[in-house]
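*Asks:* Here's my sequence, what's the structure:
(one chain, ligands or ions: 1)
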Amino acid sequence: MVYVQPVIMPTHIIALGGSLLRPEEAEMRGIWFGQLRQMAVHFEGNGRKLGIVVGGGLAAREAIKLAKETVTESYRLDSIGIMATRLNASILQQSLIEIGCNVNSEIPETTASASEMFESYDIVIMGGTIPGHTTDAVAVELARDCGSPHCVIATNVSHVYDSDPRKNPAAKKFDEITLSKLAQITGKDAQGPGESAVVDPIAVKRAIEFGIRLAVLDGRNLSILEDALEGRPFVGTLVKVD
Ligand code: UTP
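*Replies:* Residues are numbered from 1 along each chain as shown. All right, here's what the predicted structure looks like:
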């Protein structure tokens, strides 16, 4: 008798920056969404599991700006940001359900419940969880809960740089760095409500704690995201465990 060793495919987790949904750019958004749907169908068709943690993008920024006129406590502003991330998550969730993907019907509020959902669904989509961090950190926690050794941070810049390339034209980009080097670049302090950085410092801290490798890349180009998910060399920064 021949025994076939079952192949255990790791669950792939992506932090999908909310800025990628681009409510301000109808044409590009349509193309991008179509490609993302195709990628999800392809992934599911190959029997793989995908967890997508969606950021708040413009909805979060606008809502937090509006709330700041009357709300001062950070955790309250964060709670508003979390609702925006869940709003964006439900847009992607409904869009994938509509084309027949096996996607979670409820948006989970914790990474523990999200990881349990993989027993019933191929694709699990969620937004934020609790105040004090961003969806980058949620994605790293979800990777840990799913036993995945890596997490993709799909954002709107091409690489991690040693300083902000918008302010410093001589900024150096990295194809590969370690988590501790990334922690030096991002700093240790949590971001304020609605603040943005290439990777949330809390996510970096958690990745160090859990030993999770990161791939930071420009999610506006979905072929780059696909390269990273397929384990091929990709354009972006590979952040290795020290
Ligand atoms: P995001 O995860 O969207 O942050 O959360 P971001 O870095 O701005 O990412 P992009 O722009 O979408 O790529 C938006 C805000 O929601 C709150 C925080 O205030 C954050 O700044 N938030 C989000 C939380 O407090 N907890 C969460 O788990 C997620």
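*Asks:* can you give me the offset of stretch 36-50 from its chain's centre?
*Replies:* How far stretch 36-50 lies from its chain's middle: 16 Å, per Cα atoms, centre = their mean, to the nearest Å.
*Asks:* list the buried ones in it?
*Replies:* Under the neighbour-count criterion of 16 or more other Cβ atoms under 10 Å, stretch 36-50 has Leu36, Arg37, Met39, Ala40, Phe43, Glu44, Arg48, Lys49, Leu50 buried. From N, CA and C alone the C-beta is placed, and that goes for glycine too.
*Asks:* ok, and the closest non-adjacent residue to Asn221?
*Replies:* Using Cβ to Cβ, 6 or more residues apart in numbering and skipping the chain neighbours, the partner closest in space to Asn221 is Val235 (7.8 Å).
*Asks:* repeat for Phe118
*Replies:* That would be Lys49: by Cβ to Cβ, 6+ apart, it lies 5.3 Å from Phe118.
*Asks:* Let me see the contact set for the one you found.
*Replies:* Met9, Thr11, His12, Phe118, Asp122, Ile123, Val124, Cys146 (Cβ atoms under 8 Å, 6 or more residues apart in numbering).
*Asks:* ok, now with 7 Å
*Replies:* Neighbouring residues of Lys49 by Cβ atoms under 7 Å, 6 or more residues apart in numbering: Met9, Thr11, Phe118, Asp122.
*Asks:* Could I get the CA-only coordinates of whichever strand or helix holds Met39 as CSV?
*Replies:* Met39 belongs to helix 26-45 when assigned by DSSP states H and E. The C-alpha coordinates for helix 26-45 follow below in CSV (Å, rounded to 0.1, in the frame of the first residue of the first chain):
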residue,chain,number,x,y,z
ALA,A,26,-12.5,55.1,-9.9
GLU,A,27,-10.7,53.8,-13.0
MET,A,28,-7.6,52.3,-11.3
ARG,A,29,-9.8,51.0,-8.5
GLY,A,30,-12.0,49.0,-10.9
ILE,A,31,-9.0,47.3,-12.5
TRP,A,32,-7.3,46.6,-9.2
PHE,A,33,-10.5,45.1,-7.7
GLY,A,34,-11.0,42.9,-10.7
GLN,A,35,-7.4,41.6,-10.4
LEU,A,36,-7.8,41.0,-6.7
ARG,A,37,-10.9,39.0,-7.2
GLN,A,38,-9.1,36.9,-9.8
MET,A,39,-6.2,36.3,-7.5
ALA,A,40,-8.6,35.2,-4.7
VAL,A,41,-10.4,32.8,-7.0
HIS,A,42,-7.1,31.4,-8.3
PHE,A,43,-5.8,30.9,-4.7
GLU,A,44,-8.9,29.3,-3.6
GLY,A,45,-8.9,27.0,-6.6
